[in-house]
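Asks: can you look at this prediction? I've put the sequence above it.
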Amino acid sequence: MYNSQPTPPPYNGGGYHDTNTLVAETSSVMKRVYFKMTLGLLVTALISLFCAGSQSYMTFMLTHQWFYWGLFLAELGIVFGVTGAINKMSSATATLLFYAFAAINGMALAPIFLIYTATSIAKTFFICAGTFGAMSVYGYFTTQDLTKWGNFLFYALIGLIIASLVNLFTKSSSLDWIISICGVLIFVGLTAWDTQKIKRMAEYTPSDRLGHLATLGALSLYLDFINLFLYLLRFFGSQRD
């Protein structure tokens with residue numbers, strides 16, 4: 001049945017906003033997302049560099065495998081904790097946990113500075129930043145619905161994780177090469193999908209929950225960036241002699 005009443009604009013924070021207001025608020029949220037994500041990457045880089053420069057830390061980490069797995073489990077705990085209990089914690093607590101995750105990840109990634117040259121790491125970082133930026137801009141401005149694309153990438157990510165676990169035992173160089181290529185493609189796509197998803201959520205999230213959304217969005221894009229960087233490093237990283 002035809003409805004002659006105009007369609008109301010998206011709901012956000014207790015009232016109906018006009019288009020200009022909605023665009024401004026969405027842009028503000030995305031700026032907070034990128035700002036938090038950038039700070040998280042900075043925390044990771046600084047902690048990683050500091051740990052890599054500490055001989056005692058690196059010796060302890062390389063001789064106590066349980067410590068690395070402890071860091072990994074701590075990261076998983078924070079990710080599941082933030083995503084699963086975000087509505088039960090304050091925005092400040094969620095933000096603090098995000099930066100704690102970034103710091104722990106920096107501790108875990110320190111060995112890459114012993115494996116790859118600083119020049120190749122820097123080169124890979126800028127390649128990653130350019131690729132990430134291009135796909136995030138695409139995800140933000142495209143009018144195409146990326147939902148189906150995102151669903152496919154999610155299942156592809158599960159397959160990638162399973163293949164990576166299998167290759168821990170088989171140690172196949174051919175499978176490792178395939179995993180690396182798929183990893184780059186998956187996280188390139190996830191960057192665009194996550195950006196669009198965060199933007200759409202910002203349009204319908206009440207104003208008092210936008211701080212939580214900014215943290216969740218920063219965590220999602222941070223993970224996309226880090227994983228894309230690590231997979232690209234397999235192609236562009238030059239190992240030390």
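Replies: That came through, no problem.
Asks: in the longest helix anywhere in the chain, which residues are buried?
Replies: If you go by DSSP state H, the chain has its longest helix at helix 19-52. By neighbour count on 16 or more other CB atoms under 10 Å, the buried set for helix 19-52 is 22, 25-26, 29-30, 32-34, 36-37, 39-41, 43-44, 47-48, 51-52. (Glycine included, C-beta is placed from N, CA and C.)
Asks: can you give me the helices for this structure?
Replies: 19-52, 55-63, 65-85, 91-109, 112-115, 118-141, 147-170, 173-204, 210-236.
Asks: and among those, the most buried is which?
Replies: For those, the largest average neighbour count (mean count of other CB atoms under 10 Å) is found in helix 210-236, namely a mean of 21.
Asks: for Tyr222, what are its contacts?
Replies: Met37, Gly40, Leu41, Phe98, Ala102 (CB atoms under 8 Å, 6 or more residues apart in numbering).
Asks: mind listing what the fourth one touches?
Replies: Residues near Phe98 by CB under 8 Å, 6+ apart: Lys36, Gly40, Ile78, Val82, Thr215, Ala218, Leu219, Tyr222.
Asks: what of the second one?
Replies: Neighbouring residues of Gly40 by CB under 8 Å, 6+ apart: Phe98, Tyr99, Phe101, Ala102, Ala218, Leu219, Tyr222.
Asks: 7 Å - rerun?
Replies: When contacts are counted by CB atoms under 7 Å, 6 or more residues apart in numbering, Gly40 touches Phe98, Tyr99, Ala102, Ala218, Tyr222.
Asks: roughly how far does Val188 sit from Ala156?
Replies: 12 Å (CB to CB, to the nearest Å).
Asks: run the chain-centre distance for the longest helix of the chain.
Replies: Its chain's C-alpha centre lies 11 Å from the corresponding centre of helix 19-52 when counted by CA atoms, centre = their mean, to the nearest Å.
Asks: what do you get for stretch 143-154?
Replies: Put simply, stretch 143-154 sits 17 Å off its chain's centre (CA atoms, centre = their mean).
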